[in-house]
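>>> starting from these lines, generate the structure:
(2 chains, ligands or ions: 2)
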Amino acid sequence: MSALVPVPAAGKPERQGRRLTAYLLLLPGGLWLLLFFVVPIVSLLAASLYDPDGSIEAGFSMTWSWHNYVDALADYARPFGRSLWYALLTTAFCLLLGYPLAYAIAFKAGRWKNVMLALVIAPFFTSFLIRTLSWKMLLSDNGFVVDALKAVHILGSDGRLLATTAAVVTGLTYNFLPFMVLPLYASLEKIDHRLIEAGGDLFAGPFTTFRTVTLPLSMPGVVAGTLLTFIPAAGDYINAQLLGTPKQRMIGNDIQRLFAAGAYPTAAALSVTLMAAIVVLVLFYVRRSGTEELV
Amino acid sequence: MNLTGSSDLVLSGISKQFAGHRAVHQLDLTVPQGEFFALLGPSGCGKTTTLRMVAGLEEPTAGTISLGDQDITGLRPYKRPVNTVFQNYALFPHLDIFENVAFGLRRRGIKEVRQKVGEMLDLVELGAYGKRKPTQLSGGQQQRVALARALINRPQVLLLDEPLGALDLKLRRQMQIELKRIQTEVGITFVHVTHDQEEAMTMADTIAVMNAGVIEQLGSPAELYDLPATTFVANFLGQSNLVRATILGQADGSVVVDVHGGKITVPVPRCRVTEGDVWMGIRPEKVFLAPAGSEEEAGSNVLRSAVVTDVSYIGVSTQYLAKLPWGQELTVFEQNTGARAALKVGDSVDLHWQPSHTFVLDAAQDALAGVEDIADDAG
Ligand SMILES: Nc1ncnc2c1ncn2[C@@H]1O[C@H](COP(=O)(O)OP(=O)(O)O)[C@@H](O)[C@H]1O
Ligand SMILES: [Mg+2]
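Ligands and ions are numbered 1, 2, ... in the order given. Below you'll find the model as predicted:
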């Protein structure tokens, strides 16, 4: 922040003018954030400490009930852990699928580069919900995918795809894949080709060059991609709701249900906990991967 | 070191064709082991492409490359005992200087990395910089890291692609001396690509002058300068006066040439062609100017009745333009020894020089080949 605002200088009109410009530029975004980020966060934090016995009809009173957190965690530890686990799986699958794809687009696609990038973005032309609904149809018990898998005996006669953990993680992976591919592509594309040649010149075979040159140089993309995948996946509830059963319930489903049922304090406490958990994980992760030094 | 030359780098009939474009054509080249070899030519003549083929980064369309007894034409780059100092260094930005230099050793699983890297960094005078990242070094320091990173592997051949091109003039002169010192010290074959003729002349044992994908001439700097084989070499390496002439015949081991009515002799070995129309060539500093009609040394070549049209005083020397009766202006460099009063514009003069400084080239070649290229910058 301090880097954005020029150091105050006494009495120089020109400097003051520049300072004013800086503030004016910050103003719209600042107001927006204040209105739609700070205010809701504060009200969310407040709600998480309301009296848990209140209701929408009777209203909530602020009782600083820190206990809400203990209760919420005790009751919802399993969906909470499941959310983080599913998000982790999703991130891993997105990375496994997305890295080779981004690599191919960046280095091997030639004149097809733009077409392939457009295809990666293409799913965004329909809504998230519609796309997840189509997956529900695709994986449904009498859909052709299940029929085909049964025909070749990969799936038993009573086997199903829908309403399984695999279905939820597949849906999440599908939905968040572009968020992995795009930052990966951006950082791979930036790599100077001569560095890869230098690796080869210095006795590193293709795989070693990848491991010691290409991969480390693409780490900013890996970090950005995993964050952009992990964070929304951990909070997602659409995929669990449409492709899973209550057994695949994620924390987002519970938060959504609790809010709908008017149990604001518990819902808010869960939301805050999820947010805090993600922030801590992300900070730890970014530290560990040491990407501050790159770029 | 090996006196039988069993580790010579030999390129035979090497060609490289890019889509619709011939970058290198039928190149034959032998680089003796342990030599400082310069590949000199204007930007775009195919120097980098040639070097990349030796490194294995580009596949030749035709021909073979061998190192000693080993044919390396099809060998992957990481299997060649050859290392490269890249044109813009290509240092790994994610590794510190120590790890950049250690890279090749680690890939080959060589022991005592710490000691070897330390020694190498000392050799390039960067001992204290091991922990820094490449971006924290100046251009000259990065250049030395690139050199250390390649040299530490003790390659049989070190390839350097315009290694000094990105440095300013002063640093470049300094690094030329430094590079030469290091090469002498390690005794590894250096193939140094440059478009700077002065750089090639000061550093190399042997220079191959390259133009439009072919080698025009190969030899020591003095040989190339003294007896250029083509008009391109005559103009690209230093400056030359080329005058249209016709060969009349031979006498006493010399060729007699008619230059617009004047008779001039040239020793037969200094003539690329010995009959018909030719270019008669002479370097500007080999020509003496004398007041018209004065006595010349016996046996000198003389062109009479010229007029001084331009005098540029440079301090240590003076550069004259002398116009000959047929309208051509020749350049003459004269040291300001004070032996004779300076000439003025309009003075009538005779030009004379030793037959043994004269050379004769094929008239089919363009007299201006290589002249315009000198102004070109890095490529
Ligand atoms: N990868 C390539 N594809 C097509 N043409 C190329 C390629 N690399 C080099 N060339 C062409 O080959 C010629 C020689 O290039 P280069 O070897 O880089 O010259 P130099 O290093 O002497 O300046 C140039 O005309 C250049 O445009
Ligand atoms: Mg080049």
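>>> check which helix or strand A:Asp71 maps to.
According to DSSP states H and E, A:Asp71 maps onto helix A:67-103.
>>> which stretches of chain B have low pLDDT?
B:1-5, B:372-379 (pLDDT under 70).
>>> state the number of residues packed around whatever residue of it ends up closest to ligand 2.
Nearest residue of chain B to ligand 2, counting by CB to the ion: B:Thr48, 3.2 Å away. Every C-beta, even on glycine, is put in place using the N, C-alpha and C of the backbone. B:Thr48: 22 surrounding residues under other CB atoms under 10 Å in any protein chain shown.
>>> can you check B:Tyr129 too?
When neighbours are counted by other CB under 10 Å, B:Tyr129 comes out with 19.
>>> tell me who's in contact with it.
B:Ile97, B:Leu121, B:Leu137, B:Gln141, B:Val145 (CB atoms under 8 Å, 6 or more residues apart in numbering or on different chains).
>>> just the buried residues out of the residues you listed, in PyMOL syntax.
This is how PyMOL selects the buried members of the contacts of B:Tyr129, with burial counted by 16 or more other CB atoms under 10 Å in any protein chain shown:
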select buried, chain B and resi 97+121+137+141+145
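>>> mind checking which of the contacts of B:Tyr129 are in helices?
Counting by DSSP state H, the part of these found in helices is B:Ile97, B:Leu121, B:Gln141, B:Val145.
>>> re earlier: I'd like to know which elements the helix holding A:Asp71 is packed against.
Counting contacts by 3 or more CB pairs under 8 Å, 6 or more residues apart in numbering or on different chains; DSSP states H and E, helix A:67-103 is packed against helix A:165-189, helix A:219-235, helix A:251-260, helix A:264-289.
>>> how far is the first one from where the chain is centred?
Its chain's C-alpha centre lies 9 Å from the corresponding centre of helix A:165-189 when counted by CA atoms, centre = their mean, to the nearest Å.
>>> can you tell if it touches chain B?
No. Using CB under 8 Å from any CB of the partner chain, we find that helix A:165-189 stays clear of chain B, coming within 11.8 Å at best.
>>> just to check, A:Ala204 is in contact with A:Glu197?
No. The pair A:Ala204 / A:Glu197 is not scored as a contact, 10.5 Å apart, by CB atoms under 8 Å.
>>> the helices and strands packed on helix A:67-103: which one's closest to ligand 1?
helix A:165-189 (18.4 Å; CB to the nearest ligand atom).
>>> give me the mean pLDDT for that closest one.
The pLDDT scores in helix A:165-189 average 95.
>>> ok, back up a step: now the residue of chain B closest to ligand 2, nearest residue through space, not along the chain?
B:Asp161 (5.7 Å; CB to CB, 6 or more residues apart in numbering or on different chains).
>>> contacts only, for the one you found.
Counting by CB under 8 Å, 6+ apart, B:Asp161 has contacts B:Lys47, B:Thr48, B:Leu51, B:Thr84, B:Val85, B:Phe86, B:Gln87, B:Val193.
>>> can you lay out the ones in helices among the contacts of B:Tyr129 as TSV showing distance to ligand 2?
Output for those, formatted as TSV (distance: CB to the ion, whole Å):
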residue	distance to ligand 2
B:Ile97	25
B:Leu121	28
B:Gln141	22
B:Val145	20
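>>> greatest separation within those residues: which pair is it?
Largest separation among the ones in helices among the contacts of B:Tyr129 by CB to CB: B:Leu121 and B:Gln141, giving 10.8 Å.
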